[in-house]
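1. Model the structure of this input:
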Amino acid sequence: MKIQTQYVYSCTQAIHTFLKDKDATKLVSKLRNIELHAKDSIPDSEKKSLWFKFGCGDTLSTDIDNIKISLSLFQNQSNYKLLIEQFELVTQDINPDNELEVYFS
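-> Just a heads-up that it's a prediction; the model follows:
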């Protein structure tokens with residue numbers, strides 16, 4: 001398992017756009033397109049998927065389905081709030097420990 005740095009910028013940009021327009025469908029679509037690109041570019045990857053860690057202190061692995069589910073919750077629910085906090089952390093904090101990590105496995 002290796003960080004896929006070539007997808008960090010695109011995923012971070014998609015998250016940043018979501019924070020501005022709050023369009024979860026558009027975010028999920030952009031992330032799925034990035035995932036499709038990874039599947040086309042990386043050999044033997046048909047059953048693999050993108051997943052994310054929001055900074056080096058994140059102990060969870062969040063995939064696109066997790067994001068979709070969390071964003072479909074009411075805004076006052078804890079999973080929704082946590083995800084938004086993580087999005088803000090990786091897009092607004094300049095600390096390198098808080099960068100988005102993208103994996104494909």
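2. Can you give me the distance of G57 to K22?
-> When C-beta to C-beta, to the nearest Å is applied, the distance between G57 and K22 equals 26 Å. From N, CA and C alone the C-beta is placed, and that goes for glycine too.
3. Look at these two and report which has more neighbours.
-> Looking at G57 and K22 with other C-beta atoms under 10 Å, you find the greater number of neighbours at K22, namely 12 against 9.
4. contact partners of the longest helix anywhere in the chain?
-> Of all the segments assigned as helix in the chain under DSSP state H, the longest by residue count is helix 24-41. For helix 24-41, contacts defined as C-beta atoms under 8 Å, 6 or more residues apart in numbering pick out 4, 7, 10-11, 14-15, 17-18, 45-46, 48-50, 64, 67-68, 71-72, 104.
5. try it again with 7 Å
-> With contact meaning C-beta atoms under 7 Å, 6 or more residues apart in numbering, helix 24-41 is reached by 4, 7, 10-11, 14-15, 18, 45-46, 49-50, 64, 67-68, 71, 104.
6. likewise stretch 78-91?
-> Stretch 78-91 is contacted from outside by 12, 15-16, 18-19, 54-55, 67, 70-71, 73-74, 98-100, using C-beta under 7 Å, 6+ apart.
7. Which of the residues in that stretch are classified as buried?
-> Taking 16 or more other C-beta atoms under 10 Å as the neighbour-count basis, stretch 78-91 is seen to contain the buried residues Y80, L83, I84, Q86, F87, L89, V90, T91.
8. quick one: pLDDT of M1?
-> You'll see M1 listed with a pLDDT of 65.
9. got any ranges where the protein has weak pLDDT?
-> Flagging of the chain using pLDDT under 70 yields the residue ranges 1.
10. all strands of it, in order?
-> All strands of the chain, identified by DSSP state E, fall at 50-54, 62-63, 100-104.
11. From E101, how far out is I3?
-> Summarising the geometry, the distance separating I3 from E101, computed by C-beta to C-beta, is 5 Å.
12. buried set for stretch 57-73?
-> Buried residues in stretch 57-73, counting neighbours by 16+ other C-beta under 10 Å, are found at D58, T62, I64, I67, S70, L71.
13. ditto for stretch 20-38
-> Under the neighbour-count criterion of 16+ other C-beta under 10 Å, stretch 20-38 has L27, V28, K30, L31, I34, E35, A38 buried.
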